[in-house]
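Participant: Sequence first, predicted coordinates after that:
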Amino acid sequence: MAAAAQHAGHLREQPLPPWRRAVLKVGSNLLAADGGGLTAHHASALAAFVVASHAAGRQVVLVSSGAVAAGRALLREHAPAAGDLAARQALAALGQAPMIALWQSLSTRPVAQVLLTHDDLRNRRRYLNARATLSGLLALDVLPVVNENDTVAVDELKLGDNDNLAAIVAALVDADLLLIASDIDALYSADPRHDPAAQPLPHVAALTPEILAMAGGSGSAVGTGGMRTKLEAAAKAGAAGIPTALFSGRDAATVAALAEGRLRGTLIDAAATRLQARKYWLRHAPAAPGCIQVDAGAARALGGGRASLLPGGIAAAQGEFQRGDLVEIVDGAGKPVARGLSQYAAAEVRRLAGRHSRDIEAVLGYTHGHEIVHRDDLVTLAGAETPGGIEA
């Protein structure tokens with residue numbers, strides 16, 4: 001760390017990309033005190049950044065580590081060995097409450113705990129549920145604090161998990177920016193703790209094998225990841241069209257500058273725009289068996305690329321797909337018009353076909369939203385018709 005501090009003066013300040021919604025990942029090494037318990041020493045500046053961002057009309061989702069360290073501190077000399085997975089799960093369960101309490105004590109808004117596993121985000125139905133929950137919390141001006149559900153994870157509780165989880169959450173909530181607060185101020189050409197000639201890299205246009213080779217392992221006794229996992233997270237975010245900023249969460253001035261749109265750290269560009277990345281995936285990912293057939297008016301509306309698919313424009317649903325599946329949408333002649341993630345299963349779509357959105361709850365007894373396929377989850381295909389009405 002001393003070597004990193006010596007190089008801090010070489011870091012030039014640069015503007016952050018414009019953003020409205022960001023995911024901020026905070027590691028255990030910024031929250032754990034020397035004795036292993038939680039401290040607000042560094043967290044207070046990060047929380048002030050979140051408060052300032054909220055005041056500016058921006059939204060922040062926090063991905064926070066620290067539960068295992070907090071649990072170990074509560075048990076003190078009775079804490080089990082760190083290498084035992086079951087023991088780490090128990091420590092995580094014990095430490096979740098004080099970790100959330102820390103963030104609530106520093107937040108001017110209500111804090112909500114969201115525990116996820118990677119399985120929640122790999123399964124499309126659970127993915128939609130998680131996204132709906134986070135979107136609902138953001139709409140209520142709540143600060144979501146996301147963490148790995150360590151208490152039930154098996155192989156997910158491992159090196160660098162929350163770095164990668166933060167990247168997945170960034171894609172989940174359609175964030176504009178991934179912010180990773182670390183105990184080092186930037187990506188360096190070599191490990192600055194061991195190489196005095198190491199130089200900081202303010203900007204990375206692409207994560208090449210040479211760039212990845214510059215990253216080392218974990219630099220903290222309480223952290224579970226290192227620079228390598230942060231770059232892996234940046235690669236995941238970049239593939240979703242989201243740039244990543246790496247910076248020191250230990251430097252209050254660096255953190256404060258973020259609220260003014262200034263970065264003193266490393267900015268890693270996205271591989272493509274968010275729209276390009278999402279639309280590419282929707283266009284090329286394997287679709288579920290079956291399809292949704294729409295009438296001429298819906299086909300015209302979807303062809304404009306700005307409309308959601310509502311029940312009123314649906315003629316039929318073929319095959320058996322589930323909520324969250326990627327399905328093809330075809331016109332009356334069976335010609336593909338669009339593809340998208342269905343909010344409803346095929347059996348539900350058949351019951352809703354031709355109905356108005358306001359009738360969904362009356363027909364099903366519940367609702368997953370007014371749209372069968374939301375426009376954010378839909379891509380039009382070549383040859384689709386021109387815009388038109390879909391539902392009055």
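Facilitator: Arrived safely.

Participant: mean confidence score for stretch 148-161?
Facilitator: The pLDDT scores in stretch 148-161 average 55.

Participant: Ala22 versus the closest residue to Leu364 other than its chain neighbours, what's the distance?
Facilitator: Closest residue in space to Leu364, ignoring its immediate chain neighbours: Glu348 at 6.1 Å, by CB to CB, 6 or more residues apart in numbering. (Glycine included, C-beta is placed from N, CA and C.) Counting by CB to CB, to the nearest Å, the separation of Glu348 from Ala22 is 35 Å.

Participant: okay but Asp183 is in contact with Phe247, surely?
Facilitator: No: contact status for Asp183 versus Phe247: not in contact, 10.7 Å apart, counting by CB atoms under 8 Å.

Participant: ok, these two, which is more surrounded?
Facilitator: Phe247 (24 against 17; other CB atoms under 10 Å).

Participant: For the more buried one, which three-state class applies?
Facilitator: Phe247 carries the three-state label strand when classified by DSSP: H, G, I helix; E, B strand; the rest coil.

Participant: For it, list the residues it contacts.
Facilitator: Going by CB atoms under 8 Å, 6 or more residues apart in numbering, Phe247 touches 179-182, 185-186, 254-255, 258, 263-266.

Participant: what's the distance between it and Leu381?
Facilitator: Applying CB to CB to Phe247 and Leu381 gives a distance of 41 Å.

Participant: Run a quick neighbour tally on Ile314.
Facilitator: Per other CB under 10 Å, the neighbour tally for Ile314 reads 23.

Participant: Over to Gly238?
Facilitator: A count of nearby residues for Gly238, using other CB under 10 Å, gives 23.

Participant: cool, and Leu138?
Facilitator: By other CB under 10 Å, 17 other residues sit near Leu138.

Participant: just Ala86 next, same as before
Facilitator: Neighbours around Ala86, by other CB under 10 Å: 8.

Participant: Surely Glu371 is in contact with Gln343?
Facilitator: Yes: counting by CB under 8 Å, Glu371 does reach Gln343; the two are 6.2 Å apart.

Participant: what about this protein, any weak spots by pLDDT?
Facilitator: Where the chain drops to pLDDT under 70, the residues are 1-10, 34-36, 77, 79, 81-84, 118-119, 122-124, 150-161, 216-225, 382-392.

Participant: Domain ranges for it, per the record?
Facilitator: The chain is divided into the following domains under automatic domain parsing: 2-275, 285-380.

Participant: Do you have the helices of the stretch 151-300 of the chain handy? List them.
Facilitator: With helices called from DSSP state H, counting those that start in this stretch, the stretch 151-300 of the chain shows them at 161-172, 209-213, 227-239, 252-258, 274-284, 296-303.

Participant: who wins for proximity to Phe321 among those?
Facilitator: Taking CB to CB as the criterion, Phe321 comes closest to helix 274-284 out of the helices of the stretch 151-300 of the chain, the separation being 14.8 Å.

Participant: Report the buried residues of the closest one.
Facilitator: Within helix 274-284, the residues scored as buried using 16 or more other CB atoms under 10 Å are 274, 277-279, 282.

Participant: one step back: element containing the residue nearest to Leu364, please.
Facilitator: In this assignment (DSSP states H and E), Glu348 forms part of helix 346-352.

Participant: Mind telling me which residue is nearest the centre of the protein?
Facilitator: Closest to where the C-alpha atoms of the chain average out (CA atoms, centre = their mean) is Val169, at 1.7 Å.

Participant: give me every residue that touches it.
Facilitator: 23, 61, 63, 116, 121, 134, 146, 175.

Participant: what do you get if the cut-off is 10 Å, keeping everything else the same?
Facilitator: Residues near Val169 by CB atoms under 10 Å, 6 or more residues apart in numbering: 23, 25, 61-63, 114, 116, 121, 130-131, 134, 144, 146, 162, 175, 178, 237.

Participant: Mark which of the residues you listed are part of helices, please.
Facilitator: 121, 130-131, 134, 162, 237 (DSSP state H).

Participant: Of those residues, just say which sits nearest to Ala333.
Facilitator: Arg131 (33.5 Å).

Participant: Quick check, the closest one in contact with Ala170.
Facilitator: No: Arg131 lies out of contact with Ala170 (CB atoms under 10 Å); the separation is 11.9 Å.

Participant: So Ala237 sits against Val23, correct?
Facilitator: Yes: with contacts counted by CB under 10 Å, Ala237 reaches Val23, the gap being 8.3 Å.

Participant: Which residues are in contact with each of the two?
Facilitator: Common contacts of Ala237 and Val23 (CB under 10 Å, 6+ apart): 166-171, 175, 177-178, 180, 244.
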